[in-house]
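Novice: Okay, sequence plus prediction incoming.
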Amino acid sequence: MSETPKRGIVFRDPVHNLIHLDEDDGFLLELIDTLPMQRLRRIRQLGVSWLTYHGAEHSRFSHSMGVLHVAGKILSTLKKRYRENEEVSGLLEKNRRTVLAAALLHDIGHAPFSHAMERLFKANADHEKRTISLLKNPELGIPEKLAKVGVDVEEVASVLQKLHSRRFLCDIVSSQLDADRMDYLLRDSLFTGVEYGQYDLDWVAAHLCLGKEPLSRDDGEQNEPVLRLCLDEKRGLYAAEQLIIARYHMTMQVYFHRTTRMWEALLLCLLKKAASVSVEAGDLLDDRLPGTPPVLLEFLKTSGAISDRDFLRLDDGTLTTAMEGWRESGDQFIAELSAAFLERRKKLPDGTRVFECIELTKKDPVDFGRLMGTLEGATKDFPAWKWELDEISKWASYKDFFHTLKKTKGKENAENTTSIMLSDGNLDSIAEPVEFRSFLFKSMAENSEDVVRLYAHHTVAAEINSLVLKFNLA
C-alpha cells in the first residue's frame with residue numbers, strides 16, 4: 001500500500017508545474033496505483049493526433065492528474081469565498097474527497113486511442129458507462145479504497161453521472177466550466193505546439209462562485225435551491241470568452257483537424273474490416289489476422305462487449321502490436337491499411353491517396369438522407385469499412401442556454417442548464433447564461449455551422465464523390 005509522507009507529496013507536471021497532495025490524501029495515491037489508472041499511461045490523450053502533431057504523445061494519465069489538480073483549485077476557491085457560510089463550507093468539506101476521486105478517475109473508461117474508438121462499436125459509444133462499471137467493480141479495488149476514508153463509491157458515480165443532489169459538485173468535474181476542459185485545453189495546446197488553447201487558468205479558477213440554476217421552478221414548496229458553478233459576473237465575462245474561444249480554436253484546428261480525422265477514419269475502417277474477418281474467417285483466421293492478441297480478437301468478435309478485466313488489457317499498444325502482424329495479412333485491404341497507419345503513409349506508391357476527404361458543403365437534410373441511404377443500402381458496392389462519415393456538430397465548442405431548452409422540452413426535470421453562467425456570488429441570485437451578456441457568445445451560438453465530411457477509400461472514392469455531386473451536396 002502506498003503511504004503519503006506527513007508533509008504530503010508533490011508531482012512535477014509540465015502544465016501546472018507542481019501538483020500537491022495533502023498529507024490526508026493518501027487514498028488518492030492508492031487510487032493512482034490501481035490498474036484502471038495505471039492503464040491510462042498507455043492511452044494517448046489525443047487518440048491519433050500524434051500523426052498530425054508529433055508532440056501529441058501525452059497520456060490520459062497525465063491529463064487525469066491535471067484534472068485532479070484543477071478540481072482542487074476550484075474547491076479551494078469556493079471554500080475561501082463561502083467560508084462564512086456554514087452550510088456551503090460544510091458541504092465542500094464533506095464532499096471534498098468525493099469530488100477529488102471523481103476528478104482523478106473520470107477517464108478510466110476510455111478505450112484505446114481515446115474518443116476514436118467510441119465511433120466503432122455501440123458497446124463503447126459512451127466511455128462514461130465503462131468508467132462507472134470499472135469504478136464500481138469490487139474486483140478492481142476502487143470501492144474498498146474509497147470506503148477506507150469514508151467515501152461512498154455511489155457518491156463518486158453520482159458526481160460523474162451528474163446525478164448528485166448538489167449539482168455544483170458535478171459541475172466541478174463535468175460541465176462547460178469544469179476541471180476537465182480547464183486542464184485538457186492547456187495540456188493539448190502545449191503538446192501539440194498550438195497556442196490557440198492558452199487562457200488564464202489562475203484567473204478563471206480564482207473567480208468561480210455559485211448561483212441559482214436559471215431553470216429552477218418556484219412551485220411554492222420549501223425546496224432547497226439548485227446551486228450551479230458560475231463565474232463572477234464582474235470579473236468572469238472576459239475570462240469565459242477567452243476560455244471558449246480557446247476551445248473553439250482547438251476544436252477546429254486540433255480535435256477535428258482534417259488530416260487527423262482522416263487517420264481516425266482509416267483506423268476505424270481497418271478495425272471494421274478486422275471485426276468482420278474475425279467472425280467470418282474460420283480456419284483462415286491466422287492467415288487474415290496474423291498475430292492478433294487474444295483480447296483484441298475477443299473485442300472484435302463481440303463488437304466491444306467484453307468484461308472489465310479484458311477491457312483493461314486493451315490499450316494503444318495492443319492495437320499497434322496487432323497491426324504489426326496484420327501488415328502481413330492475406331487480406332489486401334487489412335494489410336494495406338495496417339502498413340499505412342504504422343508507416344504514416346497517406347499515399348500509395350503511385351501517388352493515389354489511401355483515403356480521400358470529401359467535404360459536404362451543402363447539407364440539405366433530404367439530400368443528405370438520400371446520400372446516406374444509398375451508401376448504407378449498397379453494402380456490396382460501398383461496404384462499411386471503405387468509408388466513414390465525419391460530422392462536427394455546431395455545438396461541439398459551446399452549448400448555449402437555448403440548446404438546453406431544446407433538450408429538456410417536455411421533461412419534468414429541467415434542472416439541466418449546460419451553458420456557462422455568471423453570478424454575483426449571492427446564493428439567492430439566479431445565475432445568468434454568459435451569452436446574455438456577451439456578443440461573442442451569442443454570435444457563436446447563432447452562427448456556428450456543422451462540418452460534414454466523408455472519408456472514402458481510394459477504391460470507392462470516385463463513385464462516392466459522384467453521388468455527392470448527384471445529390472447536390474458538394
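Specialist: Received, thanks.
Novice: was I right about Leu231 contacting Leu237?
Specialist: Yes: the criterion here is C-beta atoms under 8 Å, and Leu231 meets it with Leu237 at 7.3 Å. The way it works is simple: take the backbone N, C-alpha and C, and place the C-beta from them, glycine included.
Novice: Neighbour count for those two, which is higher?
Specialist: Between Leu231 and Leu237, counted using other C-beta atoms under 10 Å, the more crowded position is Leu231 (26 against 18).
Novice: host element of the more buried one?
Specialist: Assigned by DSSP states H and E, Leu231 falls within strand 227-232.
Novice: what sits up against that strand?
Specialist: For strand 227-232, the surrounding residues in contact (C-beta atoms under 8 Å, 6 or more residues apart in numbering) are 74, 166-168, 171-172, 175, 177-178, 204, 207-213, 236-237, 239-240, 417, 420-425, 427, 431, 434.
Novice: And the residues you listed, which of them are buried?
Specialist: 74, 166-168, 171-172, 175, 177-178, 204, 207-213, 236-237, 239-240, 417, 420-423, 425, 431, 434 (16 or more other C-beta atoms under 10 Å).
Novice: quick one, strands of the protein?
Specialist: Taking DSSP state E as the test, the strands found in the chain are 9-13, 17-21, 208-212, 227-232, 355-359, 387-392, 421-423, 432-433, 451-457.
Novice: of all those strands, which lies closest to Thr251?
Specialist: strand 387-392 (7.6 Å; C-beta to C-beta).
Novice: Can you mark which positions in that closest one are buried?
Specialist: Here strand 387-392 shows Trp387, Glu388, Leu389, Asp390, Ile392 as buried, counting by 16+ other C-beta under 10 Å.
Novice: got it, and stretch 24-31?
Specialist: Residues Asp25, Gly26, Phe27, Leu28, Glu30, Leu31 are the ones in stretch 24-31 that count as buried (16+ other C-beta under 10 Å).
Novice: Helices - which of these land there?
Specialist: Within the buried residues of stretch 24-31, residues falling in helices by DSSP state H are Gly26, Phe27, Leu28, Glu30, Leu31.
Novice: ok, now which ones touch the residue nearest to Arg247 when sequence neighbours are not counted?
Specialist: Of all residues not flanking Arg247 in the chain, Ser397 sits nearest, at 5.3 Å (C-beta to C-beta, 6 or more residues apart in numbering). Ser397 makes contact with Ile244, Arg247, Tyr248, Thr251, Met252, Met444, Ser448, according to C-beta under 8 Å, 6+ apart.
Novice: How about Glu139?
Specialist: Glu139 makes contact with Asp308, Arg309, according to C-beta under 8 Å, 6+ apart.
Novice: again, but for the one 5 residues further on
Specialist: Glu144 sits next to Pro138 when contact means C-beta under 8 Å, 6+ apart.
Novice: hmm, back to that, note down every partner strand of the strand holding Leu231 and its orientation.
Specialist: Under the criterion DSSP bridges, strand 227-232 sits next to strand 208-212 (antiparallel), strand 421-423 (parallel) in its sheet.
Novice: Please produce CSV containing those, extended by distance to Ser133.
Specialist: Formatted as CSV, those follow (distance: least, C-beta to C-beta, whole Å):
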stretch, distance to Ser133
strand 208-212, 31
strand 421-423, 32
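Novice: To Lys273, which of those strands lies closest?
Specialist: Taking C-beta to C-beta, strand 421-423 is the member of these nearest to Lys273, at 46.1 Å.
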